[in-house]
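Student: Build me a model:
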Amino acid sequence: MAGKSPVTVRDDQKAALKALASGADRAEADRARAILLTLAGWTSGRIAEAFGVREDSVRLWRSDFISGGVEALKARVAPGPEPLKAQAALRVAEPMAEEIASREGVTISRSQLSKVLRQKGGSAFAVRATR
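Tutor: Residues are numbered from 1 along each chain as shown. Predicted structure coming up:
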């Protein structure tokens, strides 16, 4: 469908879009900027090219905004079960990192500890997890 986008905003929505566009979450910021660029007259193709996404994505963002406002552009936690395995691993990893710090006098982040365990001790710590 060629032509002008049906997106319109109120002043409060425009202010909220600008705030979201300067936020830390890049995906949210891109969606908000896409709506602002739409208001400035940019086409779906031009916005898609600027953000490195498909035109359909831009159209979806517009549709989401039209039906749900600024809130529809914000990131949401995917539905599903709690990440039980990840939580269990963190409960073990945090004391392990503290132990390394107290014994060796160096700190190690959870991500670095994870890398080390995968690279060096993966087979020693491999346990078959079941639900």
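Student: Under the pLDDT cut-off, which ranges of the chain? List them.
Tutor: Applying pLDDT under 70 to the chain flags the ranges 1-3, 120-131.
Student: Now do Glu55 against Gly45, distance only.
Tutor: 5 Å (C-beta to C-beta, to the nearest Å). Any C-beta I mention is one placed from the backbone N, CA and C, and that applies to glycine too.
Student: The chain: helices as residue ranges?
Tutor: 11-21, 26-39, 44-51, 55-68, 84-104, 110-119, 122-125 (DSSP state H).
Student: Of all those, which one comes closest to Ser5?
Tutor: Checking the helices of the chain against Ser5 by C-beta to C-beta gives helix 26-39 as the closest, at 5.0 Å.
Student: Extract the CA atoms of the closest one and return them as CSV.
Tutor: Presented in CSV, the C-alpha positions along helix 26-39 are these (Å, rounded to 0.1, in the frame of the first residue of the first chain):
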residue,chain,number,x,y,z
ARG,A,26,18.2,-0.4,21.5
ALA,A,27,15.2,-2.4,20.1
GLU,A,28,12.7,-0.1,21.9
ALA,A,29,14.6,3.0,20.8
ASP,A,30,14.6,1.8,17.2
ARG,A,31,10.9,1.2,17.2
ALA,A,32,10.2,4.6,18.7
ARG,A,33,12.5,6.3,16.3
ALA,A,34,10.8,4.5,13.4
ILE,A,35,7.4,6.0,14.5
LEU,A,36,9.0,9.5,14.8
LEU,A,37,10.5,9.1,11.3
THR,A,38,7.1,8.0,10.0
LEU,A,39,5.7,11.2,11.4
